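Enquirer: Model the structure of this input:
(chains A, B, C and D, ligands or ions: 4)
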There are 2 protein chains.
Amino acid sequence: MSSTPKYKSSSSLTTSSNRQDYLKAILSLDLKGAKASTSAISAKLNTQPASVTGMFGVLSNLNLINYIPYKGAKLTDEGRSQAISLVRKHRLWETFMVEKLGFRWDEVHEVAEQLEHVNSEQLIDRLDDFLGFPNFDPHGDPIPDSLGNIADRRSLVVVSDLEVGKMASIRGVLSSSDSFLKHLDDLGIRLGLEFEVVKVYTYDGSIQVDSAGESMIWSRKLVEQLLAEVN
Amino acid sequence: MSSTPKYKSSSSLTTSSNRQDYLKAILSLDLKGAKASTSAISAKLNTQPASVTGMFGVLSNLNLINYIPYKGAKLTDEGRSQAISLVRKHRLWETFMVEKLGFRWDEVHEVAEQLEHVNSEQLIDRLDDFLGFPNFDPHGDPIPDSLGNIADRRSLVVVSDLEVGKMASIRGVLSSSDSFLKHLDDLGIRLGLEFEVVKVYTYDGSIQVDSAGESMIWSRKLVEQLLAEVN
DNA sequence: TAAAAAGATTAGGCATGACTAAATTTATTG
DNA sequence: CAATAAATTTAGTCATGCCTAATCTTTTTA
Ligand SMILES: [Mn+2]
Ligand SMILES: [Mn+2]
Ligand SMILES: [Mn+2]
Ligand SMILES: [Mn+2]
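Expert: Ligands and ions are numbered 1, 2, ... in the order given. Below you'll find the model as predicted:
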């Protein structure tokens, strides 16, 4: 005999944005091959380990994770699917902000952290369409499609691995530190920039590239963090 | 002697989305010349009057409203400013969804109700720019600018008031009921549609218009709810 | 203008999601 | 392999918002 709930249901269909952030944090550790321990999650989410234990209990009851005390959490199929959907939203919004609104790479993460919780599949699918179904976000991270499939990064190469004569386009970065992204901005290196590797200096690993008729030299440290797609 | 807060501050700069919805509801009653009573607010927000009394206490402590028990609430300058900022966000997101993502007028409200709570002035100002600084949302409601100024509707006229020979463009609607918006969709009446008033039938108040080379007749009931800008 | 009706507030709870401190389990190390 | 150290869980609170029921106030109406 099921009675009408007394409180506004945090319905089985909607996971609160707090819980969503936990799922995402667990997924991100999982993708790195790391264990989703309470301390690791608490570090990621800026909470206390005890709070994570509490949330693990909640998510476990919702069948979004399998949780064994002292052994960490693993996403269930449903939990994983929800986490991937969040990553999709996060990365599409980041792409939107950079491509359409003119934000820099280093400015979009925090806001995407909020936008990803807007609950509308229609919205995100149309946004995807509007953006031309991009495969990678401004940081070079793959954007899951509407079915949850994640393209791997096979199609992207680290610029330091490019050989002389290769034409390529900037697609992402390995580090998203503020200082790095601002440096890229200073040098005019932005998403979609096409360039050709003209010379590789073995002395310090820097490379000379031609781009839009101009020639410049990128340091080894820089190109090790730059992702490109070979044209 | 100020001590570090024990809990994550619901900082003085950020008003939670629940509180924001209350501020917006109070503003909307105020703009209609109605009193912000607990029952009126509770009806708007689908809560109980007792809950509104509780929230009035909270908002009053935050100096966002002036609240006199049994007499209702009035927005302070700060409360009003925050409410207007929310309306701005809500209407810009609605405009974005209709103009850029191809949603219909009747599909955007619920999602905008979520998007309006994304907290970033930068984001909304750039979105405004991206949309070309629109003055009205898809429902014909004015969009406050970044300073909080709200254009009045003087520049829009109800289509039933147009005289024969006038050229105009559809800019909004007075009713946002699903059935009405779907009817507009059926007839191909959409935002931005340019038309000329060819004839007004005094018999039933319907009007004949020419638009994009085609001629059609719009009913009195229809044109009384349609807003246009004279070209 | 007094009683009834309508509207608003208070009182007492509950769900969610944090936090601290104390207790417990697991991992490390001499 | 026992004793520390580190990680995790439990216990006890707290802030936010919402709910129902009971108790005022204010407004209507006879
Ligand atoms: Mn988030
Ligand atoms: Mn990213
Ligand atoms: Mn809202
Ligand atoms: Mn609107």
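
Enquirer: can we go C-alpha only for contacts and neighbour counts from here?
Expert: Will do.

Enquirer: Tell me the buried residues in the worst-scoring helix or strand of chain A on mean pLDDT?
Expert: Here the helix or strand of chain A ranked lowest by mean pLDDT, DSSP states H and E is helix A:178-187, holding a mean of 87. For helix A:178-187, the neighbour count (16 or more other CA atoms under 10 Å in any protein chain shown) marks A:180, A:181, A:182, A:184 as buried.

Enquirer: cool, and stretch A:167-179?
Expert: Those would be A:167, A:168, A:169, A:170, A:171, A:172, A:173, A:176, for stretch A:167-179 by 16+ other CA under 10 Å.

Enquirer: Also stretch A:16-36?
Expert: For stretch A:16-36, a neighbour-count test (16+ other CA under 10 Å) marks A:17, A:19-29, A:35-36 as buried.

Enquirer: With stretch A:189-202 instead?
Expert: Across stretch A:189-202, burial judged by 16+ other CA under 10 Å covers A:189, A:190, A:191, A:194, A:195, A:196, A:197, A:198, A:200.

Enquirer: Reformat the residues you listed as JSON lines; add secondary structure, pLDDT and distance to residue B:50.
Expert: Output for the buried residues of stretch A:189-202, formatted as JSON lines (DSSP: H, G, I helix; E, B strand; the rest coil; pLDDT from 0 to 100; distance: CA to CA, whole Å):
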{"residue": "A:189", "secondary structure": "coil", "pLDDT": "91", "distance to residue B:50": "57"}
{"residue": "A:190", "secondary structure": "coil", "pLDDT": "86", "distance to residue B:50": "54"}
{"residue": "A:191", "secondary structure": "coil", "pLDDT": "83", "distance to residue B:50": "53"}
{"residue": "A:194", "secondary structure": "strand", "pLDDT": "92", "distance to residue B:50": "62"}
{"residue": "A:195", "secondary structure": "strand", "pLDDT": "95", "distance to residue B:50": "64"}
{"residue": "A:196", "secondary structure": "strand", "pLDDT": "95", "distance to residue B:50": "68"}
{"residue": "A:197", "secondary structure": "strand", "pLDDT": "96", "distance to residue B:50": "69"}
{"residue": "A:198", "secondary structure": "strand", "pLDDT": "95", "distance to residue B:50": "72"}
{"residue": "A:200", "secondary structure": "strand", "pLDDT": "93", "distance to residue B:50": "72"}
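
Enquirer: Among those residues, which pair sits farthest apart?
Expert: A:191 and A:200 (22.0 Å; CA to CA).

Enquirer: which residues are contacting the helix of greatest length in chain A?
Expert: Looking across chain A with DSSP state H, the single longest helix is helix A:77-99. Outside helix A:77-99, the residues that touch it by CA atoms under 8 Å, 6 or more residues apart in numbering or on different chains are A:20, A:23-24, A:27, A:63-65, A:103-105, A:108-109, A:112-113, A:115-117, A:124, A:127-128, A:131, A:136-138, A:141, A:143-146, A:148, B:123.

Enquirer: one more time with 7 Å, if that's ok
Expert: Contact partners of helix A:77-99, identified using CA atoms under 7 Å, 6 or more residues apart in numbering or on different chains, comprise A:20, A:23-24, A:27, A:64-65, A:103-105, A:108-109, A:112-113, A:115-116, A:124, A:128, A:131, A:137-138, A:143-144, A:148.
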